[in-house]
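Participant: give me the fold of what follows.
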Amino acid sequence: MEELVLVSKEGKIATVTINRPKQLNALNGETIATLSETMKSLEGDDSVRAIILTGSGEKSFVAGADIKEFANYSVEEGKDLARRGHESLFNLIENLRKPVIAAVNGFALGGGLELAMSCHMRVASDNASMGLPEVTLGVIPGYGGTQRLAQLVGKGKAMEMITTAGMIDANDGLKWGLVNHVTSADELMTKCSEIAGKIARNSGVAIAAAISAVNAGFAEGVDGFEAEITAFGEAFGTDEFKEGTTAFLEKRKPEFK
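Facilitator: Residues are numbered from 1 along each chain as shown. Sure, this is the predicted structure:
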């Protein structure tokens, strides 16, 4: 039996590949659980400074959730499905201390787009198609799609995409701020590795604090500015602050541990 999730490492960069190509990498419960454990493991791996998340094959990043798993769920089972997904994977990735880059190859639909949006940034191949088609099934996005899409593209565009169930291509995704970069399919992983390499050279402690501070601005009841002030001040007590400032004054490159 093939592994659902593959992990490879090159230097300080880990690449996580969802490996269900025959199902267009659709998310089922087992895949979500495996991805969750993989991300937790990589967060605790001091040798990893950045993570690239992608799907196997050329057709799809993730084509959605595995509908046959929940087609007969009750109201309470539906709520539990969404809640477990939020807590075990999507919120986990959003708040991971290490940046996660979604390499969106081909289809990113429903839960697939929601997974990409939970990542800290997105790079799409020029053959990517992205959308939230859940209303065609009589349901709504349940893994954060109604919230994160509006944060990224604005309320009006999010309403249009969700209510029409329409897909947009990579260039429209770039125009609306859904993706950071568009490349050819051949150059997708190279571009992601380039970004990850730049991240890996910087202070991991500072990056983790920056992720937390940025996310604080989108959290209900949290003052993002106050979170930034606190994180900024706490940075002064870290070894990486001492190394970074000392290296700057000594006119050398810092060596972050």
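Participant: any low-confidence regions in the stretch 1-150 of the chain?
Facilitator: 1 (pLDDT under 70).
Participant: mind doing that once more with 80?
Facilitator: Along the stretch 1-150 of the chain, segments meeting pLDDT under 80 span 1-2.
Participant: distance from whichever helix in the chain runs longest to the middle of the chain?
Facilitator: Using DSSP state H, we find that the single longest helix of the chain is helix 29-43. Here helix 29-43 is found 13 Å from its chain centre; the criterion is Cα atoms, centre = their mean, to the nearest Å.
Participant: quick check: what element follows that helix along the chain?
Facilitator: strand 50-55 (DSSP states H and E).
Participant: list the strands paired with that next one, with their directions.
Facilitator: strand 13-18 (parallel), strand 100-104 (parallel) (DSSP bridges).
Participant: about what we covered before: which elements pack onto the longest helix of the chain?
Facilitator: Contact analysis of helix 29-43 by 3 or more Cβ pairs under 8 Å, 6 or more residues apart in numbering; DSSP states H and E lists strand 5-10, strand 13-18, helix 91-94 as its packing neighbours. The C-beta positions use only the backbone N, C-alpha and C, and glycine is treated the same way.
Participant: which residues are in contact with that helix?
Facilitator: 4-5, 7, 14, 16, 18, 20, 48, 51, 66, 69, 84-85, 88-89, 92-93, 96-98, 100 (Cβ atoms under 8 Å, 6 or more residues apart in numbering).
Participant: please apply the same query to stretch 83-98.
Facilitator: 32-33, 35-36, 39-40, 42-43, 48-51, 53, 100, 111, 114-115, 118-120, 142-144, 204, 207-208, 211-212, 215.
Participant: same deal with stretch 180-196?
Facilitator: For stretch 180-196, using Cβ under 8 Å, 6+ apart, the contacting residues are 10, 13, 15, 49-52, 54, 58, 99, 101, 103-105, 121-128, 170-171, 173-174.
Participant: and the residues you listed, which of them are buried?
Facilitator: Taking 16 or more other Cβ atoms under 10 Å as the criterion, what is buried in the contacts of stretch 180-196 is 13, 15, 49-52, 54, 99, 101, 103-105, 121-125, 127-128, 170, 173-174.
Participant: helices along the stretch 101-250 of the chain, start to end?
Facilitator: 111-118, 145-153, 155-164, 170-175, 188-200, 204-216, 224-235, 239-249 (DSSP state H, counting those that start in this stretch).
Participant: in TSV, list those along with distance to Val135.
Facilitator: TSV is the format used below for the helices of the stretch 101-250 of the chain (distance: least, Cβ to Cβ, whole Å):
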stretch	distance to Val135
helix 111-118	14
helix 145-153	11
helix 155-164	6
helix 170-175	19
helix 188-200	29
helix 204-216	28
helix 224-235	32
helix 239-249	46
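Participant: tell me the most buried of these?
Facilitator: Greatest average neighbour count among the helices of the stretch 101-250 of the chain goes to helix 111-118 (a mean of 29), per mean count of other Cβ atoms under 10 Å.
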